[in-house]
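Undergrad: Generate a structure from the sequence data that follows.
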Amino acid sequence: MLNNEGTCANQLIQAEAQSWDYILSYLRPLCIKCAIELGIPDIIHKNENPITSLSDLVATLPNLNPSKASFIPILMGVLVDFGVFKYQKLQQGDGYSLTRVSRLLVENDPSDKRSFFLFAQHPVVLNTAASLSKWLRDDLPTAFETANGKSHWDYCAEESDFNSVFNDAMVGDSRLISNLLISDCCKHVFEGLTSLVDVGGGSGTVAMAIANAFPSLKCIVFDLPHVIGDRKETKNLKFVVGSMFDNIPHANAILLKWILHNWNDQDCVKLLKICRESIPSKEKGGKVIIIDIIMEDDCSNEQLIQSQHLMDFIMRITYASKERSKKEWEKLFLEAGFSEYKIISSLGLRSLIEIYP
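TA: Residues are numbered from 1 along each chain as shown. Here you go, the predicted model:
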């Protein structure tokens, strides 16, 4: 009986520890946000030595109230626990260096996730998640509308500050993807193309990288007026204003980077049909290049699976859309009239897919 009671007590203790982790987990992103806003990753990155002492860090922090300096080692200790920074014991005291994660939080890093992180912590985004139970009891299509009174896209069009934060996040993510697309694992996808339209290409980060890597390839960034703004074209890069659901400029290939997961199946089929009408036949090199998530429940990477599930969750409550499995993607391609598809490469959370008319 004692063994049983002991086992039950241990299980209760483990369950309580797990529940405390859930209760306190809200602090993780907020502490990281604080570090970004204070510029801690940038200070450590710019330091001449790979390890920055606590005293140097405190002395370099801009506008830090001297009475709060004693809190910095507390903050850094928590961030070390999270794996954001690495702790080093120095002769002069505590020291810190960047990890692979915190390198992604350095401003203007080629693989920047900083801006996306700040977007995810924006009050409008957090308010959406906080409105889940209310949304489940009303008749609005998304929790975003429940929380903010309008759709995500209307909110972006009407609220310039939020739209700027959202676009910064997309630019940051595009820098990371751009580096992968022109690397050895993916650059063959663009070899031999004469023209490319980046649909929903925003500021043109991806298209610019591709245009620079392939000078003979004519690239077009196609997006809405408030996104394109007054951006200037270059030698082989143009910006064209329009709606992808009306028509898309004709080209050898069309790029859809993280576009389709924002839309329901019906809208995706409609968009893919427009894409098919805007490219030549497969024999003449026509194709659509898709960068999006393929849900992989049988993947051995548990962190990747969890991130995909959470991204699916976000799509459903923000856009009334979803992430898709391989079978669901195949169904969309066939309904849109495409004859063949090929999964070219895995890009971590996302995959690169080619589809042919």
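Undergrad: okay, CA-based contacts and neighbour counts for the rest of this
TA: OK.
Undergrad: low pLDDT regions in this protein?
TA: Applying pLDDT under 70 to the chain flags residues 1-7, 297-299.
Undergrad: Which strands or helices does the helix or strand harbouring residue 308 pack on?
TA: Here residue 308, judged by DSSP states H and E, is contained in helix 302-319. Here helix 302-319 touches helix 123-130, helix 143-148, going by 3 or more Cα pairs under 8 Å, 6 or more residues apart in numbering; DSSP states H and E.
Undergrad: any idea of the angle it forms with helix 123-130?
TA: Put simply, helix 302-319 runs at 100 degrees to helix 123-130, going by axes from the mean of the first three to the mean of the last three Cα atoms, to 10 degrees.
Undergrad: CA atoms only for helix 302-319, dumped as PDB, please.
TA: Only the C-alpha atoms of helix 302-319 are listed here, as PDB (Å, rounded to 0.1, in the frame of the first residue of the first chain):
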ATOM      1  CA  GLU A 302       9.100  16.200 -32.000                       C
ATOM      2  CA  GLN A 303       9.800  20.000 -31.800                       C
ATOM      3  CA  LEU A 304       9.200  20.400 -35.500                       C
ATOM      4  CA  ILE A 305       5.900  18.500 -35.300                       C
ATOM      5  CA  GLN A 306       4.700  20.600 -32.300                       C
ATOM      6  CA  SER A 307       5.600  23.800 -34.200                       C
ATOM      7  CA  GLN A 308       3.700  22.600 -37.300                       C
ATOM      8  CA  HIS A 309       0.600  21.800 -35.100                       C
ATOM      9  CA  LEU A 310       0.800  25.200 -33.500                       C
ATOM     10  CA  MET A 311       1.200  26.900 -36.800                       C
ATOM     11  CA  ASP A 312      -1.900  25.100 -38.000                       C
ATOM     12  CA  PHE A 313      -3.700  26.300 -34.900                       C
ATOM     13  CA  ILE A 314      -2.700  29.900 -35.700                       C
ATOM     14  CA  MET A 315      -3.900  29.600 -39.300                       C
ATOM     15  CA  ARG A 316      -7.300  28.400 -38.200                       C
ATOM     16  CA  ILE A 317      -7.900  31.100 -35.600                       C
ATOM     17  CA  THR A 318      -6.400  33.900 -37.600                       C
ATOM     18  CA  TYR A 319      -7.400  33.200 -41.200                       C
END
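Undergrad: All set, thanks.
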